[in-house]
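K.L.:
Got a predicted structure plus its sequence, pasted below:
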Amino acid sequence: MGKEKADLVLNMGPQHPSTHGVLRLILELKGEKIVNADTVIGYVHRGVEKLAENRKYLQVLPVFDRVDYVSASSNELGFVLAVEKLLGIEKEVPERAQYLRVIMAELTRISSHLLWLGTHALELGAMSVFLYAFREREKVLDLFEEIAGGRLHTGYMRIGGVACDATPKFLEELRDFLNFFPKKIDEYETLLTENRIWLSRTKGVGVIDKETAVNWGITGPTLRAAGCDYDVRKYYPYCVYDRLDFEVPVFDGGDVYDRYRVRMEEMRQSVRIIEQCLEQMPEGAVKIDDPQVILPPKQDVYNTMVGLIQHFELVIHGIKPPPGEVYAAVEGPRGELGYYIVSDGSDKPYRLRIRPPSLINIAIMPELLKGHYVADVISIIGSLDPLMGEVDR
Amino acid sequence: MKYVTPELIEKLKSTFPKAVESVGEFRQEVTVTVKKEFLIDFMRFLKVDKDFQMDMLVDLTAVDYPERNPRFVVVYHLRSLSKRHNLRVKCWAEGEELPSVVDIWKTAEWTEREVYEMFGIRFLGRELKKLLLPQRYPYFPLRKDFPLEGYEEPCEVWDWE
């Protein structure tokens, strides 16, 4: 598109309810059409990568809860997988822990997609969906609270396992949730999928074709809505995803509507994955048996000399992976969430880079917004589902 | 994660005998270090060659080694969605400058801006603005000599435009 002359510059955000946090857009308008757009980000930049370089491997985990603060478990999982790869112990992590990790990651995906669905529909004028989605999200957060103690910042993953085993109450409540939740997804769909207003706000809006999406490095639901079946869980299975039977929803419209359909279908697949996990999950330990990596149980620390020494050693000296570099990725709710760790053999990461899916997915936005109406800006931002905590880190 | 096979690495070495500085492997992850002057040709080859088809730049970042010269290494994570293999390419930024790969992969549009503001590496052949930090911010925070607590900035740094 050539340089059209704008007759109004509109500043949107950073404090705007439908920018999903603090995203600022400078829109140059001609009438109601956008001829040029610029994004300003960095309002919640906290220097997470710098912080990580100055903390021990054990201490750095809680920081990643706060990077993408609505899908904490996925963030933690990516990091622990990277450190385990660095240590070369990824095969030794007990199976039960692997299944619990998958359960948590998929519950996180559901909770994150529900938050997205509620706010996205609210922004486009469908108020009631917001109330329903948050009702179910509350149940997921209750499940998190039951297993991990925290509702948003779960802090459940550990290098070499998970923090604790699932309680019987958790498993019972999880089964209840899996029974009623698919019906709720159908309910949301009756409100939106064939709703004429919804269709006219989302169909054909913000189209990204497959080639463009791949060239911009876009991953996650946005890429799958553009007709590419890339999903880390299928391409490079981690944990136990290679044993689970699930489908990756792919649509080829590439518009806001298809991104919505991908996410709805992903929630159904997440339910399927968790059901299979509950069936297949073996009994046994949830932590690796290696005092060099994981803290001993509190019982041993208080009552035995060996436990106390192990605890002391690990806290003071930390985990020391061999020098090297690894990249490990998980499929987070927003796309490929990767961790690139460079180790120099000390107890702190020499360099830790998070590949944030939100940042890379919204980089296309200035290009994408051109030629759209102002009203479509909100629907496009919503459909890309950026989380500003993760964009800025 | 699947990385490119040793045969393909041999092919790279024979196609670019002068460009490949070293090939490393750690935990089945393959890293190729290339010389700066061959970087763009090398990357273009990886993208279009039918054996590689690296159509996605997954990530672009840098690592600071203050005691070395050149000081910074820029790290490219490449992937082919059709072949399903990965490759990590490294290039030492001599003179703290590197040619930009934004014409090959658009992912570099923002990631190069981030590396520029965090490490001070200039990417040539493109417009460079800071991405997350204020435009007038004078330091490069991810350099190893930048303290964790930061410096106290004068107020005029914070440009609210």
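P.N.:
Here it is on my side, so go on. It should be emphasised that the depicted structure is a prediction, and the values quoted were computed from it without experimental measurement. Residues are numbered from 1 along each chain as shown, chains lettered A, B, ... in the order given.
K.L.:
Give the closest residue to the residue of the stretch 51-200 of chain A found nearest chain B in space, chain neighbours not counted.
P.N.:
Nearest to chain B in the stretch 51-200 of chain A, going by C-beta to the nearest C-beta, is A:Asn54, at a distance of 4.9 Å. From N, CA and C alone the C-beta is placed, and that goes for glycine too. Nearest residue to A:Asn54, sequence neighbours excluded (C-beta to C-beta, 6 or more residues apart in numbering or on different chains): B:Leu148, at 4.9 Å.
K.L.:
any idea which element the one you found lies in?
P.N.:
Counting by DSSP states H and E, no helix or strand carries B:Leu148.
K.L.:
Same check on A:Ile89?
P.N.:
Per DSSP H and E, there is no helix or strand for A:Ile89.
K.L.:
Point out where chain A drops to low pLDDT.
P.N.:
A:1-4, A:19 (pLDDT under 70).
K.L.:
Which residue ranges of it form strands?
P.N.:
All strands of chain A, identified by DSSP state E, fall at A:8-12, A:24-30, A:33-40, A:157-158, A:161-162, A:324-332, A:335-343, A:351-355.
K.L.:
Give me whichever of those is most buried.
P.N.:
Of the strands of chain A, the one with the most neighbours on average (mean count of other C-beta atoms under 10 Å in any protein chain shown) is strand A:161-162, at a mean of 26.
K.L.:
For that strand, which helices and strands make contact with it?
P.N.:
Contacts defined by 3 or more C-beta pairs under 8 Å, 6 or more residues apart in numbering or on different chains; DSSP states H and E place strand A:161-162 against helix A:95-123.
K.L.:
now the strands for chain B?
P.N.:
Under DSSP E, chain B gives strands at B:20-26, B:29-34, B:56-64, B:72-79, B:86-92, B:97-99, B:122-124.
K.L.:
For those strands, could you give me TSV that also reports distance to A:Pro323?
P.N.:
Converted to TSV, these look like this (distance: least, C-beta to C-beta, whole Å):
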stretch	distance to A:Pro323
strand B:20-26	9
strand B:29-34	13
strand B:56-64	13
strand B:72-79	15
strand B:86-92	15
strand B:97-99	25
strand B:122-124	28
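K.L.:
export these to CSV and tack on mean neighbour count and distance to chain A?
P.N.:
Converted to CSV, these look like this (neighbours: other C-beta atoms under 10 Å in any protein chain shown; distance: least, C-beta to the nearest C-beta, whole Å):
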stretch, mean neighbour count, distance to chain A
strand B:20-26, 14, 4
strand B:29-34, 20, 6
strand B:56-64, 24, 4
strand B:72-79, 23, 6
strand B:86-92, 22, 7
strand B:97-99, 17, 17
strand B:122-124, 16, 15
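K.L.:
Take these and write them to TSV, including mean pLDDT.
P.N.:
As requested, those are exported to TSV (pLDDT from 0 to 100):
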stretch	mean pLDDT
strand B:20-26	84
strand B:29-34	89
strand B:56-64	91
strand B:72-79	91
strand B:86-92	91
strand B:97-99	89
strand B:122-124	89
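K.L.:
Please name whichever of those is nearest to A:Lys234.
P.N.:
strand B:72-79 (14.1 Å; C-beta to C-beta).
K.L.:
What does the residue nearest to A:Asn54 show for phi and psi?
P.N.:
Note on B:Leu148: backbone dihedrals following degrees, to the nearest 10 are phi -60, psi -40.
K.L.:
from memory it sits against A:Ala52, does it?
P.N.:
No. If you go by C-beta atoms under 8 Å, B:Leu148 and A:Ala52 don't touch, sitting 10.8 Å apart.
K.L.:
Looking at those two, which is more packed in?
P.N.:
Legend: neighbour count by other C-beta atoms under 10 Å in any protein chain shown for B:Leu148 and A:Ala52, higher for A:Ala52 (25 against 11).
K.L.:
Contact partners for that one?
P.N.:
Residues in contact with A:Ala52 (C-beta atoms under 8 Å, 6 or more residues apart in numbering or on different chains) are A:Val60, A:Val63, A:Pro349, A:Leu352.
K.L.:
what bridges to the residue nearest to it when sequence neighbours are not counted?
P.N.:
In space, and not counting its chain neighbours, A:Ala52 is closest to A:Leu352: 4.1 Å by C-beta to C-beta, 6+ apart. Beta-bridge pairing of A:Leu352 under DSSP bridges involves A:Ile341.
K.L.:
Distance-wise, check the residue of chain A positioned farthest from its centre relative to A:Val293.
P.N.:
Going by C-alpha atoms, centre = their mean, the residue of chain A most distant from its centre is A:Met305, 40.9 Å out. Note on A:Met305: its distance to A:Val293, by C-beta to C-beta, to the nearest Å, is 20 Å.
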